[in-house]
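Undergrad: Make a model of this:
(2 chains)
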Amino acid sequence: MTENAAGAEGAGEGETPPVHGVRVRPATVQDIPVMAGLLVRLKRLNEEFDPLLKVREDAEERAGKVLQADLGQPQSLLLVAEGTGPDEGKVVGVSRALVRERPFYLPEREGVIQDIYLLPAYRRHRVGEYLLSETVRQLKGKGASLVTAEFPAQNQIATRFYAKRGFRPIVSTHAKRL
Amino acid sequence: MGGALPGSRTEPDSTPDRAAEESQQSREAEEETREISRRAVDLARHYAGKIEVVPRVPVRGLRDFAYWYTPGIAQVSREIHRDPGLAFDLTGRWNTIAIVTDGSRVLGLGDMGPEAALPVMEGKAMLFKYLGGVDAFPLPVRVKDASGLVETVERLEPALGGVNLEDIASPKCFQVLDELRARLSIPVWHDDQLGTAAAVVAGLLNALKLTGRRIETASIVLLGAGAANLATARLLKALHADLGAMMVVDQHGILNAHREDMDSLMLHHRWKYELALSTNEGRRKGGLPEALAGAEVLVAASTPTPGLVTAEGIGSMAPEPVVFALANPEPEIWPAVARAAGAKVVATGRSDFPNQVNNSLVFPGVFRGVLDARARSIPDEVVITAARELAKGAEARGITPEHILPTMDEEGVFPQMAATVASTCVELGLARVHRSREEFLALARERMERPKRLAEVLIRNGLIPPMPPEPTGNPSGEMEEET
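TA: Numbering: from 1, shown residues only, chains lettered A, B, ... in the order given. The predicted structure is shown next:
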């Protein structure tokens, strides 16, 4: 399955200085419904890039279940960005990641960023960068010494976002419908 | 926008009975439109083209060709080769524009293709000549994508003093205008965006004045997120309107930064996406009724859907609201209905009601101005100056709720607009020629007057044949024989 990360639109050079307006904290079970909604938004964005990423009708319900399952797993990392100011207490962004073993390669513990999504109003203010750096920091805390991110090959915005932060492609997923 | 419907000018009062009467009027106007449409086809066949190229130079005999063509012209060519800027002095480039379309959104008809767009562009070229004294070439091109269109226009630049883009689908039109404005060294204009937006802004400036409001604080609702309204929003922003208080309503409801379709807009329509991010700070949700509640101004430029705006909607706005219902041919709400519901100032796109918001009020003066200044571009700043001048032009006859904009017969306004546009280009460092405002005004008057004199002479001498008589029983019969 193709996982992904996006929501980092335009967080480039020459942008306004950091105005976070959010705090990042670990997700709780109460966050799941909102997080599921945000995840489905991300999947719908991915759908724009490739018909093989077509979102199922029951995606939101499934997202809730996936998040529920993730929440109890020690290898999983679920963070939310919570608004301050006018959106105080509102979940405006989500990051979903996990740590996995690489049986054949070194370094052997890989932190995989599966999904990052921010509501549009919070982009371009370095919130995406903040959420990413918190995710990376906590993956490191779980023993990862390599971090990867998965997103649709055609998503140029995500490609640029990660490239700017030192990420480069190491494996490609090539798909063919059967 | 700006398609004028026939019919006598009315001064409706504000009773609901009047509304019924207006509906009756609209039915009559529709019938008249059908009649006109039939005759337009006959006339198109009869005249087979609405413009033609005529020499600007005397030809006393064949020997004169030696100046206008070889061998003499070779030296003119060498001069321009040495200094390409001389093309504006030694050829007609200074007064020549192209009206470029891909035919992807012709009038309200949709994607008609370049061939079907030609009569419309020809008509526009005629208006450019007659109203602005501008030599405009109708150029529908067979190009589908935005970058192909940009490239095509870019290649035409050496022959042109300006470009008018016309009838290009949204959002393609935004990308094409943005890129051409950045790439070319001549003014590029998209009339469906800028012409209409400038007329809207001019009308709004006076309507706000009449209702004791300021643009910086007025709460404005835009209904429709097409070329005209997106450009209007951009100009209003430049005029320091409160974007956070502004609401834009499209077919999915009020634009807001949290709307479900935002990511799709980010990829496919970044102009609308930007607007969603910068407007509606309170993130109000819902549709038009929710947007209108308490609003002071409505600018409706939507796909024609009569009754889209209701009396209740107007009634829910702030006291004495300003209502622009610009859909053609049927406005989103009939003026009498809007007034009965409390609207203080009502404008439409039609010539048979007061306050016609029409891009013909704008493009002739603007192009006369930029061409006379031989401007390198026409930024929004200049567009705003033109809008202000148009608003000022209405003052000559006095600003009232029935007269916030000049009508097409207030001819004194347009050379003034041209002179202001030209002077602004000089001030902004965009002009290739520098003259005083008075000189520009005199030039504009002369150049805008000339085509009318020309037409007069041609008609008087029978070089433009008279209009064939209106057919009575069998419409096209007699006329076809002549073609």
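Undergrad: buried residues in stretch A:68-87?
TA: Within stretch A:68-87, the residues scored as buried using 16 or more other CB atoms under 10 Å in any protein chain shown are A:70-71, A:76-83, A:87. From N, CA and C alone the C-beta is placed, and that goes for glycine too.
Undergrad: Where helices are concerned, which of the residues you listed count?
TA: Secondary structure defined by DSSP state H assigns A:70-71 of the buried residues of stretch A:68-87 to helices.
Undergrad: Assign the residue most central in space within chain A to helix, strand or coil.
TA: Closest to where the C-alpha atoms of chain A average out (CA atoms, centre = their mean) is residue A:116, at 1.8 Å. Three-state assignment for residue A:116 (DSSP: H, G, I helix; E, B strand; the rest coil): strand.
Undergrad: Surely it touches residue A:79?
TA: No - when contacts are counted by CB atoms under 8 Å, residue A:116 is not listed as touching residue A:79 (9.2 Å).
Undergrad: All the strands of the stretch 201-350 of chain B, in order from the start?
TA: For the stretch 201-350 of chain B, the strands defined by DSSP state E, counting those that start in this stretch occupy B:220-223, B:247-250, B:253-254, B:297-300, B:322-325, B:345-348.
Undergrad: Redo these as a markdown table? Include mean pLDDT and mean neighbour count.
TA: Converted to a markdown table, the strands of the stretch 201-350 of chain B look like this (pLDDT from 0 to 100; neighbours: other CB atoms under 10 Å in any protein chain shown):
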| stretch | mean pLDDT | mean neighbour count |
| --- | --- | --- |
| strand B:220-223 | 98 | 27 |
| strand B:247-250 | 97 | 24 |
| strand B:253-254 | 96 | 18 |
| strand B:297-300 | 98 | 26 |
| strand B:322-325 | 98 | 30 |
| strand B:345-348 | 98 | 29 |
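Undergrad: Nearest to residue B:128 among these would be which one?
TA: If you check each of those against residue B:128 by CB to CB, strand B:345-348 wins as the nearest, at 24.1 Å.
Undergrad: Which residues of chain B lie near chain A?
TA: B:257-258, B:260, B:262-264, B:266-268, B:273, B:276-277 (CB under 8 Å from any CB of the partner chain).
Undergrad: so where's the stretch 351-483 of chain B uncertain?
TA: B:472-483 (pLDDT under 70).
Undergrad: all helices of it, in order?
TA: Ranges of helices within the stretch 351-483 of chain B are B:363-372, B:380-394, B:413-427, B:437-460, B:477-480, based on DSSP state H, counting those that start in this stretch.
Undergrad: Of the residues of chain B next to chain A, keep whichever come out buried.
TA: By neighbour count, with 16+ other CB under 10 Å, the residues of chain B next to chain A hold B:257-258, B:262-263, B:266, B:273, B:276-277 as buried.
Undergrad: Tell me the one of the residues you listed nearest residue B:249?
TA: Using CB to CB, those come closest to residue B:249 at residue B:276, 11.4 Å.
Undergrad: For the closest one, report the pLDDT, please.
TA: pLDDT for residue B:276: 97.
Undergrad: I'd guessed it sits against residue A:119; true?
TA: No - with contact defined as CB under 8 Å, residue B:276 does not reach residue A:119; the gap is 11.5 Å.
Undergrad: Identify the contacts common to these two.
TA: Between them, residue B:276 and residue A:119 share these contacting residues under CB atoms under 8 Å, 6 or more residues apart in numbering or on different chains: B:257, B:262.
Undergrad: quick one: residue A:99 is in a strand?
TA: Yes - counting by three-state DSSP, residue A:99 falls inside a strand.
Undergrad: tell me the contacts of the nearest residue to residue B:187 once chain neighbours are set aside?
TA: Leaving aside its sequence neighbours, residue B:187 sits nearest to residue B:378 (CB to CB, 6 or more residues apart in numbering or on different chains; 3.8 Å). Residues in contact with residue B:378 (CB under 8 Å, 6+ apart) are B:162, B:181, B:187-189, B:194, B:366, B:370, B:425, B:430.
Undergrad: would TSV of those residues with distance to residue A:130 be doable?
TA: Below are those laid out as TSV (distance: CB to CB, whole Å):
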residue	distance to residue A:130
B:162	47
B:181	35
B:187	43
B:188	40
B:189	43
B:194	40
B:366	46
B:370	46
B:425	45
B:430	42
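Undergrad: from those residues, which single one is nearest chain A?
TA: residue B:181 (20.9 Å; CB to the nearest CB).
Undergrad: can you list the strands of the stretch 201-350 of chain B in CSV and add distance to residue B:126?
TA: Shown next, in CSV, are the strands of the stretch 201-350 of chain B (distance: least, CB to CB, whole Å):
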stretch, distance to residue B:126
strand B:220-223, 32
strand B:247-250, 34
strand B:253-254, 41
strand B:297-300, 29
strand B:322-325, 27
strand B:345-348, 24
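Undergrad: Ok, which of those strands comes nearest residue A:165?
TA: So among these, strand B:247-250 is nearest, using CB to CB, at 33.9 Å.
Undergrad: Note down every partner strand of the closest one and its orientation.
TA: As defined by DSSP bridges, the strand partners of strand B:247-250 come to strand B:220-223 (parallel), strand B:253-254 (antiparallel).
Undergrad: Give me the nearest residue to residue 93, chain neighbours excluded.
TA: Just going to use chain A. According to CB to CB, 6+ apart, the nearest residue to residue A:93 is residue A:81 (3.3 Å).
Undergrad: Sorry, I should have been clearer: chain B.
TA: residue B:87 (4.7 Å).
Undergrad: Average pLDDT for the one helix or strand that neighbour maps to, rounded please.
TA: According to DSSP states H and E, residue B:87 maps onto helix B:87-90. For helix B:87-90, mean pLDDT rounds to 98.
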